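S.K.: Sequence first, then the predicted structure, then my questions.
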Amino acid sequence: MNNISDFWGAIFDEAQIRTSKSYDRVVDDPNVMPGTKWFPGAKLNFAENLLRFRDDREALVAWREDKTVKRITYRELYDEVSRLVKALKKLGITQGDRVAGYLPNGIHAVVAMLATTSLGAIWSSGSPDFGVQGATDRFGQIEPKVLFCTDSYLYNGKTFGRLDHAAEIAKNIGSIKHIVVVPFVDERPDLGQLPEAVHYNDLIADEVAGDIEFVQTPADHPVYILYSSGTTGVPKCIVHGAIGVLLQHYKELALHTGVTRDSSIFYFTTCGWMMWNWLVSSLMLGARTVLFDGSPFYPGPEILWEMARKRKAHRLRHERQVPVRTGRFRPETP
């Protein structure tokens with residue numbers, strides 16, 4: 001408590017936070033809570049810090065419970081985000097706008113989040129196993145302009161269609177002007193229930209990959225809106241700023257968990273839980289980030305262990321770290 005500025009300043013330097021303008025000081029007054037300002041004067045972009053690598057190492061490996069696997073490299077991820085950034089600009093998305101994702105835990109969810117935050121807009125996601133009311137209770141409070149939704153999702157060997165849910169959610173939330181349907185089970189789902197919607201692949205079809213013009217924002221500019229569980233009423237919005245997410249996640253991933261460029265990291269989560277946001281910050285460290293969507297017990301309780309084995313991974317071990325939660329892996333050392 002006596003060296004707060006020194007500590008967080010050292011984490012900022014260690015994380016090599018990319019900025020277009022440096023900060024004036026680390027913190028105004030740490031005793032003023034809430035209301036203190038962290039890293040005032042700094043200008044940065046959240047997504048730029050997660051997309052600092054552009055090589056041919058695997059960035060994301062997405063598993064489904066039916067054992068379908070998709071992969072994307074850091075170079076491919078950057079290019080895919082750049083195409084979606086251009087498409088979102090054409091939809092009128094600018095700094096401060098909200099974009100919602102009603103999506104499974106897969107590559108498209110990460111791409112949509114990165115494209116949104118590249119523009120200085122704010123991302124909020126929920127799992128497609130939320131019902132219409134659960135999604136409306138959350139997204140209805142933040143007035144999103146764009147809704148990314150899935151055609152379906154898989155769980156415990158069953159397929160659950162979600163286009164009808166998306167139609168109801170859009171009807172309930174008048175701010176939604178555009179619906180983008182992401183293929184998950186069906187590569188070309190029928191959009192008859194959503195006549196105003198567009199297929200994701202059609203949205204970006206004419207966009208050419210290129211350098212991203214990352215919108216520079218104040219360090220504490222919002223990047224995520226998460227929610228309380230809703231057990232005591234309508235879920236409450238929880239806003240997270242760029243620098244807070246970057247530094248806290250770097251500290252936990254690099255220092256607590258020992259993640260490096262040679263790591264393969266996994267945590268069982270959905271897009272409706274804060275651990276999803278934590279997991280995808282592993283991109284900042286250049287790690288291979290493993291995503292999984294489905295039941296952890298289908299077709300049997302061994303599925304996650306099989307996934308870890310095929311990635312030649314085991315739980316993180318580091319002689320300097322505190323005991324880790326189950327579910328975080330890295331490749332075995334020779």
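M.R.: Nice, thanks for sending it over.

S.K.: Which helix runs longest in this protein?
M.R.: As assigned by DSSP state H, the longest helix anywhere in the chain is helix 74-90.

S.K.: Next secondary structure after that helix?
M.R.: On the C-terminal side of helix 74-90, the nearest following helix or strand under DSSP states H and E is strand 98-102.

S.K.: which residues are contacting the helix or strand just after that following strand?
M.R.: Per DSSP H and E, the first helix or strand lying C-terminal to strand 98-102 is helix 107-118. Contacts with helix 107-118, where a contact means Cβ atoms under 8 Å, 6 or more residues apart in numbering, come from 45-48, 50-51, 60, 62, 70, 72, 77, 80-81, 84-85, 87-88, 93, 99, 101, 103, 122-123, 125, 148, 180, 182, 184, 200, 212, 214-215, 223, 242, 271, 276, 280, 283, 289, 291. The way it works is simple: take the backbone N, C-alpha and C, and place the C-beta from them, glycine included.

S.K.: Of those, keep whichever come out buried.
M.R.: By neighbour count, with 16 or more other Cβ atoms under 10 Å, the contacts of helix 107-118 hold 45-48, 50-51, 60, 62, 72, 77, 80-81, 84-85, 87-88, 93, 99, 101, 103, 122-123, 125, 148, 180, 182, 184, 200, 212, 214-215, 223, 242, 271, 276, 280, 283, 289, 291 as buried.

S.K.: Downstream of the helix or strand where residue 248 lies, the next helix or strand is which one?
M.R.: Residue 248 belongs to helix 242-250 when assigned by DSSP H and E. Downstream of helix 242-250, the next assigned helix or strand under DSSP H and E is strand 264-266.

S.K.: got the angle for the longest helix of the chain vs strand 98-102?
M.R.: Computed by axes from the mean of the first three to the mean of the last three Cα atoms, to 10 degrees, the angle separating helix 74-90 from strand 98-102 equals 120 degrees.

S.K.: Give me the residues contacting helix 74-90.
M.R.: 47, 51, 53-60, 72, 99, 110-112, 114-116, 118-119, 121, 146, 203-204, 207-213, 283, 286.

S.K.: same deal with stretch 220-231?
M.R.: Contacts of stretch 220-231 (Cβ under 8 Å, 6+ apart): 37-39, 46, 95, 98, 117, 120, 122-124, 126, 134, 137-138, 142, 235-245, 274, 277.

S.K.: buried residues in it?
M.R.: Using 16+ other Cβ under 10 Å as the test for burial, stretch 220-231 gives 220-227.

S.K.: could you dump these to CSV with pLDDT and secondary structure?
M.R.: Shown next, in CSV, are these (pLDDT from 0 to 100; DSSP: H, G, I helix; E, B strand; the rest coil):
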residue, pLDDT, secondary structure
220, 96, coil
221, 98, coil
222, 98, strand
223, 98, strand
224, 98, strand
225, 98, strand
226, 98, strand
227, 97, strand
